[in-house]
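**Student:** Here is my input; please provide its structure:
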Amino acid sequence: QVQLVESGGGSVQAGGSLRLSCAASESTACMAWFRQAPGKEREGVGFIAGYGITTYTDSVKGRFTISKDNAKNTLYLQMNSLKPEDTAMYYCAAETWRCTMRAPDFRYWGQGTQVTVSS
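**Tutor:** Residues are numbered from 1 along each chain as shown. Sure, this is the predicted structure:
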């Protein structure tokens, strides 16, 4: 059972930056960030595969960066140029055998951390 603990959420004004962290209890083939705004479905923000390849959803490309410290089993999400529409609960997810942007494909989830961007 992979355990994930997120941190780093908070409130920021539009145009600001935040960095989220996700500490994993063990290494996995894929780690990803998802987000869910009130009344909306959980959507994939991006993922990083074990070999270091990253993929992002179009709405965050050029603004968000996913990275991973393999020695610490910690995933990061650097969010720059934040917009009010980025407001959501952000979740870290992990899977042992494949990487996708679909929430049902991930078995392991963190508890979430809230990001609020004001205009």
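**Student:** For Trp33, which non-adjacent residue is spatially closest?
**Tutor:** In space, Trp33 comes closest to Val45 once its chain neighbours are excluded; the distance is 4.1 Å by CB to CB, 6 or more residues apart in numbering. C-beta: built from backbone N, CA, C; applies to glycine.
**Student:** quick one: contacts for that neighbour?
**Tutor:** 32-35, 56-57, 60, 64, 66, 77, 90 (CB atoms under 8 Å, 6 or more residues apart in numbering).
**Student:** ok, now Gly16?
**Tutor:** Per CB under 8 Å, 6+ apart, neighbours of Gly16: 82, 117.
**Student:** how about a cut-off of 6 Å?
**Tutor:** Leu82 (CB atoms under 6 Å, 6 or more residues apart in numbering).
**Student:** how much space is there between it and Lys83?
**Tutor:** 10 Å (CB to CB, to the nearest Å).
**Student:** tell me the centre residue of this protein?
**Tutor:** Trp33 (2.3 Å; CA atoms, centre = their mean).
**Student:** From what I see, that one and Leu77 are in contact.
**Tutor:** Yes: the pair Trp33 / Leu77 is scored as a contact, 4.9 Å apart, by CB atoms under 6 Å.
**Student:** Can I get whichever strand or helix holds the residue nearest to the centre of the chain in PDB, CA atoms only?
**Tutor:** Taking DSSP states H and E as the definition, Trp33 sits inside strand 30-36. Presented in PDB, the C-alpha positions along strand 30-36 are these (Å, rounded to 0.1, in the frame of the first residue of the first chain):
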ATOM      1  CA  CYS A  30       4.100   6.800 -12.100                       C
ATOM      2  CA  MET A  31       3.100   9.800 -10.000                       C
ATOM      3  CA  ALA A  32       0.600  12.400 -11.000                       C
ATOM      4  CA  TRP A  33      -1.300  15.500  -9.900                       C
ATOM      5  CA  PHE A  34      -5.000  15.800 -10.200                       C
ATOM      6  CA  ARG A  35      -7.300  18.600  -9.200                       C
ATOM      7  CA  GLN A  36     -11.000  18.900  -8.400                       C
END
